[in-house]
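Peer 1: After the sequence you'll find the predicted model.
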Amino acid sequence: MSVADIRSAYANYADWIHRFEWADRLFTGRYRRDRFGNVDGRVLDVACGTGTNFRHLSETADLVGVDISSEMLAKASDTLAGLEVDGTLRQMDAQNLEFTDDSFDVVISSLSTCTFPDPVAALQEMVRVCKPDGTIRLVEHGQSDSRPIAWYQERRADAHYARMGCRWTQEPREVVTESGLSVRDVNTGLFGILTTFEIAPQGV
Ligand SMILES: C[S@@+](CC[C@H](N)C(=O)[O-])C[C@H]1O[C@@H](n2cnc3c(N)ncnc32)[C@H](O)[C@@H]1O
């Protein structure tokens, strides 16, 4: 799917995703908290969606959230209004970030590389806009190591992609390796579905 196809898919699902965010938090909240908890400084959330990560950031963070979907950003704006975090939201393609080099102390992104048509380009953009002594943190999903769950994911992969543009069996470790990034720390949990990374923009 193209970026335009993905934008219109999320326009249709923004309400639904925001309404059921509590269910997402039930499964992914712990992993988001572990990787993003108390992130501070100038922070960029790439493909921020409805703003599910915002609650985990330090209250003193200076947040910028970007997403390709204006409907998802409208929900993110509601999320931001209910928190103490200072932030701005901008509509932007993750594969072509409109920021100068070394703009952010921390770049975070979650459940996103599966949806970017060119995930390697998006990760390299995250590196470019992150300060050399900063950090990039990801929470990504892939194929489960539990046979029944993996079987279901494989069976539904094409339909899921056609609906949301999401490659839900994509292996995040492979994408990060292909991007040539320097991983400081990596963990996998939730039946092998979620992998979280801390990445050094300029090597370890
Ligand atoms: C599964 S949602 C994840 C949202 C949020 N990060 C979270 O963890 O809940 C994927 C998000 O990626 C956004 N997205 C997809 N392709 C994009 C692109 N090329 N640039 C920016 N955002 C994009 C979608 O609009 C959607 O909000």
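Peer 2: Looks like it came in fine.

Peer 1: Regarding this protein, what is its longest strand?
Peer 2: The strand that spans the most residues within the chain, counting by DSSP state E, is strand 130-141.

Peer 1: Okay, now the sheet partners of that strand, with direction.
Peer 2: As defined by DSSP bridges, the strand partners of strand 130-141 come to strand 104-110 (parallel), strand 194-200 (antiparallel).

Peer 1: So is the first one next to the ligand?
Peer 2: Read that as strand 104-110. Yes: using C-beta under 6 Å from any ligand atom, we find that strand 104-110 touches the ligand at S110. Yep, even glycine has a C-beta here, placed from its N, CA and C like the rest.

Peer 1: What ranges does this protein have for its helices?
Peer 2: 3-19, 21-36, 70-81, 119-129, 147-164, 172-178 (DSSP state H).

Peer 1: Which among those helices is found nearest to L97?
Peer 2: Closest to L97 of those is helix 119-129 (C-beta to C-beta; 4.6 Å).

Peer 1: Next, the angle from that closest one to strand 104-110.
Peer 2: 160 degrees (axes from the mean of the first three to the mean of the last three C-alpha atoms, to 10 degrees).

Peer 1: Centre of the chain to helix 119-129, how far?
Peer 2: In terms of C-alpha atoms, centre = their mean, to the nearest Å, the centre of helix 119-129 is set 12 Å apart from its chain centre.

Peer 1: got the contact list for it?
Peer 2: 44, 46, 94-97, 99-104, 107, 109, 112-113, 116, 136, 170, 175-176, 178-179, 181, 199, 201 (C-beta atoms under 8 Å, 6 or more residues apart in numbering).

Peer 1: Show the buried residues in those residues.
Peer 2: Buried members of the contacts of helix 119-129, scored by 16 or more other C-beta atoms under 10 Å, are 44, 46, 94-95, 97, 99, 103-104, 107, 109, 112-113, 116, 136, 170, 175-176, 179, 181, 199, 201.
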